[in-house]
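**Q** the following comprises the amino acid sequence and a computationally predicted model.
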Amino acid sequence: MAHHRLPYLKQSKGAIISIGSKTAETGQGNTSDYAASNGGRNALTGEWAVELLKYGIRVNTVVDAQCYTPLHQNCIKAFENPKEKLKSITEKIPLEKRMTTREEIANMVVFS
């Protein structure tokens with residue numbers, strides 16, 4: 001997508017923002033493919049940031065730790081005790097012991 005929009009990005013000095021996951025940096029266990037693909041995207045973001053700097057194009061990744069999306073909610077529901085599983089996840093989150101919301105991620109993208 002970025003390749004095909006590059007002329008417009010150069011003209012507007014636009015931005016490329018991707019959504020990342022802390023799993024690329026920290027691991028999670030049993031998510032090798034997910035961690036590897038996120039790590040690849042982070043590397044690509046860094047490369048583009050350097051390559052496109054000369055055109056005034058900003059390239060960033062917004063990385064969240066845990067975002068409570070419908071997909072994540074379905075995953076939690078699959079556990080034998082969903083409430084306990086959710087609690088075991090959120091109690092490890094330093095900021096307010098809660099997951100990030102989709103709206104917070106969207107606000108960060110707009111800010112970036």
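**A** Everything's here; your move.
**Q** which other residues reach the helix or strand bottoming out on mean pLDDT in the chain?
**A** Every helix and strand in the chain was compared by mean pLDDT, DSSP states H and E; the lowest is helix 23-26, with a mean of 84. Residues outside helix 23-26 that contact it (Cβ atoms under 8 Å, 6 or more residues apart in numbering) are 31, 34, 35, 38, 39, 41, 42, 63. (C-beta placed from N, C-alpha, C; glycine too.)
**Q** list the contacts for residue 45?
**A** Neighbours of residue 45 in contact, by Cβ under 8 Å, 6+ apart: 16, 18, 20, 59, 60, 61.
**Q** what are the bridge partners for the last one, then?
**A** Just to be clear, that refers to residue 61. residue 18 (DSSP bridges).
**Q** and the pLDDT at it?
**A** Note for residue 61: predicted pLDDT of 93.
**Q** which residues does it contact?
**A** Counting by Cβ under 8 Å, 6+ apart, residue 61 has contacts 17, 18, 19, 20, 41, 42, 45.
**Q** how about 6 Å then?
**A** 18, 20, 45 (Cβ atoms under 6 Å, 6 or more residues apart in numbering).
**Q** what do you get for the first one?
**A** In this structure, residue 16 makes contact with 2, 59, judged by Cβ under 6 Å, 6+ apart.
**Q** rerun at 7 Å
**A** 2, 48, 57, 59 (Cβ atoms under 7 Å, 6 or more residues apart in numbering).
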